[in-house]
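1. Provided below are the primary sequence and the corresponding predicted coordinates.
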Amino acid sequence: MDLVNIESVAWAGWLPGGRPVLSLVRPRSTPVAYAFTPAGRDPVAILPPELRLRGPNQISPDGSRIVATDSTDRIVVCTLSSRAYQPIPGVSTTDRVIGWAADGASLFVHSSEPGAMQV
């Protein structure tokens, strides 16, 4: 991987087993999320090109899924093994996922809209 043309790191996190995940920004292109070996080698793109990472705690506890946003800012859950993703029902584009439950079965979501939220 060419690290010379990296403008910035847009997002960073860790998969179980100490594998770093970095979303790297290159000149005149959109960020691409890569998973590396624990030693920081052998990068592999882990998301479809239309998905972006934002916010903390986006990786599921078991490392099998990651929360991202699509090109229309919908919040989605992406399965890393297949790169398939689905929107999260009941979540708006203004909501923010703030983390996963310890068992990986639920997400904690913050909404700035008034009233109760049902997800």
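-> Received it, and whenever you're ready, just let me know what you need.
2. where does residue 82 land on pLDDT?
-> According to the per-residue confidence, residue 82 scores 96 in pLDDT.
3. Could you do residue 115 as well?
-> With respect to pLDDT, residue 115 has a value of 69.
4. Number the chain from 556, please
-> Right, with 556 as the first residue, what we last looked at is residue 670.
5. roughly how far apart are residue 621 and residue 581?
-> 20 Å (C-beta to C-beta, to the nearest Å). Where you see a C-beta, it was placed from the backbone N, CA and C, and this is true even at glycine.
6. How are the helices of this protein distributed by residue range?
-> Counting by DSSP state H, the chain forms no helices at all.
7. ok, residue 650 to residue 661 distance?
-> Residue 650 is 14 Å from residue 661, by C-beta to C-beta.
8. In terms of neighbours, single out the busier of the two.
-> residue 650 (17 against 11; other C-beta atoms under 10 Å).
9. For residue 564, which non-adjacent residue is spatially closest?
-> In space, not counting the residues next to it along the chain, residue 564 is nearest to residue 577; the distance is 5.5 Å by C-beta to C-beta, 6 or more residues apart in numbering.
10. Verify the contact between that neighbour and residue 566 for me.
-> Yes. Assessed by C-beta atoms under 8 Å, residue 577 is found in contact with residue 566 at 7.3 Å.
11. Name the residues linked to residue 621 by a beta bridge.
-> On the basis of DSSP bridges, residue 621 is bridged to residue 614, residue 633.
12. Need the pLDDT of it.
-> As predicted, residue 621 sits at a pLDDT of 97.
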